[in-house]
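>>> The sequence isn't on hand, but the structure is:
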């Protein structure tokens, strides 16, 4: 080609070769009814061109399959036609239904695909069979364990059922379910490889239109995971006497570390007295949430000491322990019989603030404790006038050996009187209010 630099020659596309239509003639089957003892049939036919003078399609690839009213829509097999386009395929059927032959032309692109007409094969009386499913290698398996679902299908007289589909239904954690299909061998045995990823229930059934079974065998197994406690925060429960509460986060190891959800009754709190060596279990914890957290696990505390969370060996967990957390105990306090009197009071009159201050001594039996007088402790008094948000300091007093206190102040406005105990390193703070109308 001559011309300017960069010129491109354009070649017109070649015309596509013509495609000849085909058809499958004389399609038939050797047996019109099958049962467990007579399940072998032969399909025959001929692949020819769809012309006035049909020509054989030599070496045509033909597949035979069930296409309607079948229990298992599966292929019976494939076969190549001879030089005259004729084919013959012998196979075993596992159900009745309508069968057809399909010609695949991908190896002979000068021809078009085609289907035969349908032939019906009826199913006779079903033969009773028994399915056995072998137990797993252990009741509880470690995560990632490789094993196999195995079993056997036999007739009631003990003869093996060969070449049958076995349907395995696997439900993990009672929720996620899937199905597997395996063939039985010449001895009626079947096998499907599996990996223990979650607790599962597995059922087995014969998927055949030629056999009937009574009952479905079932196996169950649990899966145990490696665990770790990544967080453990323990604190004194200010609402209880002599109790602690902890937040604990648990993870499990699958292909990676992930939250261990729905861990139930596997985590406990352990205590060791300050300066001691012996650990004791104080209480079990509840169920973990979607993030692996167990919130507010409570336990009675004998006093100051160390705390640790532990995961026990269960059907779903391998043991693990948290870091150790030291804790100094504090105890709740409360006011009793607090009263601002008289009520109502005249403006300029005297208001008497009196009551008792107690701390809640732990009993070791419940989380309420028993009130014990808190003597020689300072009680501070405040006043808030009606309609105001500010508290004004009035003064302070001290409790006697019985926890009793009493102080007097001048009443000038309607409002709320408050007594406050500030708490200390061993005791929580407490406060109480009483409203007085001034007239």
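That came through, no problem. Predicted model, so just to flag it, every value in this text is computed and none were measured.
>>> who does residue 129 bridge with?
According to DSSP bridges, the partner residues bridging residue 129 are residue 155, residue 213.
>>> give the contact list for it.
153, 154, 155, 156, 161, 164, 206, 211, 212, 213 (C-beta atoms under 8 Å, 6 or more residues apart in numbering). C-beta coordinates here come from the backbone N, C-alpha and C atoms, glycine included.
>>> out of these, who's nearest residue 37?
Using C-beta to C-beta, residue 155 comes nearest to residue 37 of those, at 10.0 Å.
>>> check contacts around the closest one.
Shown in contact with residue 155 (C-beta under 8 Å, 6+ apart): 36, 127, 128, 129, 130, 161.
>>> from those residues, which would you call buried?
36, 127, 129, 130, 161 (16 or more other C-beta atoms under 10 Å).
>>> Widest-spaced pair of the residues you listed?
Longest distance between any two of these is 13.3 Å, between 36 and 130; criterion C-beta to C-beta.
>>> Mind putting the contacts of residue 129 into a markdown table with distance to residue 19?
Shown next, in a markdown table, are those (distance: C-beta to C-beta, whole Å):
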| residue | distance to residue 19 |
| --- | --- |
| 153 | 47 |
| 154 | 52 |
| 155 | 51 |
| 156 | 55 |
| 161 | 46 |
| 164 | 41 |
| 206 | 44 |
| 211 | 45 |
| 212 | 48 |
| 213 | 49 |
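>>> which two in these are spaced the farthest apart?
156 and 164 (14.6 Å).
>>> For the residue nearest the centre of the chain, give its distance to residue 262.
Computing the C-alpha centroid of the chain and ranking residues by C-alpha atoms, centre = their mean puts residue 173 first, at 6.2 Å. Distance, residue 173 to residue 262, by C-beta to C-beta, to the nearest Å: 9 Å.
>>> hey, which helix or strand in this structure has the poorest pLDDT?
In the chain, the helix or strand scored least confidently by mean pLDDT, DSSP states H and E is strand 176-183, which has a mean of 88.
>>> And the strands in the stretch 51-200 of the chain?
Counting by DSSP state E, counting those that start in this stretch, the stretch 51-200 of the chain has strands at residues 61-68, 75-80, 86-92, 97-104, 114-115, 119-123, 127-133, 140-142, 146-155, 165-172, 176-183, 189-195, 200-206.
>>> lowest-confidence stretch among those?
Per-stretch mean pLDDT for the strands of the stretch 51-200 of the chain is lowest at strand 176-183 (a mean of 88).
>>> could you say what helices and strands that strand packs with?
With contacts taken as 3 or more C-beta pairs under 8 Å, 6 or more residues apart in numbering; DSSP states H and E, strand 176-183 sits against strand 165-172, strand 189-195.
>>> Now that we're looking at the closest residue to residue 430 other than its chain neighbours, what pLDDT does it have?
Excluding the flanking residues, the one nearest residue 430 by C-beta to C-beta, 6 or more residues apart in numbering is residue 333, at 4.3 Å. Per-residue confidence at residue 333 stands at 94 (pLDDT).
>>> Give me the phi and psi for residue 333.
Main-chain torsions, residue 333, degrees, to the nearest 10: phi -130, psi 160.
>>> these two touch, right, it and residue 426?
No - between residue 333 and residue 426 there is no contact, the gap being 10.0 Å when judged by C-beta atoms under 8 Å.
>>> Neighbour count: those two, which is higher?
Each of residue 333 and residue 426 has its neighbours counted (other C-beta atoms under 10 Å); residue 333 has more, 24 against 12.
>>> For residue 74, see how far away that one is.
Using C-beta to C-beta, residue 333 is found at 78 Å from residue 74.
>>> try residue 129
Using C-beta to C-beta, we find residue 129 at a distance of 19 Å from residue 74.
>>> Same question for residue 299.
Residue 299 is 60 Å from residue 74, where distance means C-beta to C-beta.
>>> So for the two, which sits in the more crowded spot?
Each of residue 299 and residue 74 has its neighbours counted (other C-beta under 10 Å); residue 299 has more, 21 against 14.
>>> right, and the helix or strand after the host helix or strand of the more buried one?
Per DSSP states H and E: residue 299 is located in strand 293-300. Using DSSP H and E, the helix or strand that directly follows strand 293-300 along the chain is strand 305-311.
>>> Pairing partners for that next one, with directions?
Sheet partners assigned to strand 305-311 using DSSP bridges are listed as strand 267-273 (antiparallel), strand 320-321 (antiparallel), strand 325-327 (antiparallel).
>>> highest average neighbour count across those?
When the strands paired with strand 305-311 are scored by mean count of other C-beta atoms under 10 Å, the highest mean neighbour count falls to strand 267-273 (a mean of 21).
>>> Could you pull up the mean pLDDT of it?
Per-residue pLDDT over strand 267-273 has a mean of 97.
>>> Number the chain from 25, please
I'll keep to 25 as the first residue from here, and by that count the last item is strand 291-297.
>>> what does it contact?
253, 258, 268, 270, 272, 274, 302-309, 312, 318, 321, 323, 325-336, 348.
>>> What's the ChimeraX syntax to select whichever of these are buried?
Selecting only the buried entries of those in ChimeraX, with 16+ other C-beta under 10 Å as the criterion:
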select :253,258,268,270,272,274,303,306,309,312,318,321,323,325,329,330,331,332,333,334,335
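>>> wait, which of the buried ones among the contacts of residue 179 is closest to residue 142?
Using C-beta to C-beta, residue 60 comes nearest to residue 142 of the buried ones among the contacts of residue 179, at 23.9 Å.
>>> Quick check: closest non-adjacent residue to that closest one.
Closest residue to residue 60 in three dimensions, ignoring its sequence neighbours and counting by C-beta to C-beta, 6+ apart: residue 151, at 3.7 Å.
>>> Against residue 180, how distant is the one you found?
Distance from residue 151 to residue 180, by C-beta to C-beta: 8 Å.
>>> go on, residue 427?
Taking C-beta to C-beta, one finds residue 427 at 85 Å from residue 180.
>>> For the two, work out which one has more neighbours and name it.
When residue 427 is set against residue 180 and neighbours are counted by other C-beta under 10 Å, the residue ahead is residue 427, at 22 against 10.
>>> got the contact list for the more buried one?
Contacts for residue 427 were tallied using C-beta under 8 Å, 6+ apart; they are 380, 381, 382, 397, 398, 399.
>>> Format the residues you listed as a markdown table; extra columns: neighbour count, distance to residue 124 and pLDDT.
Conversion of the contacts of residue 427 to a markdown table gives the following (neighbours: other C-beta atoms under 10 Å; distance: C-beta to C-beta, whole Å; pLDDT from 0 to 100):
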| residue | neighbour count | distance to residue 124 | pLDDT |
| --- | --- | --- | --- |
| 380 | 18 | 95 | 98 |
| 381 | 27 | 94 | 98 |
| 382 | 20 | 91 | 96 |
| 397 | 16 | 96 | 97 |
| 398 | 23 | 94 | 96 |
| 399 | 14 | 100 | 96 |
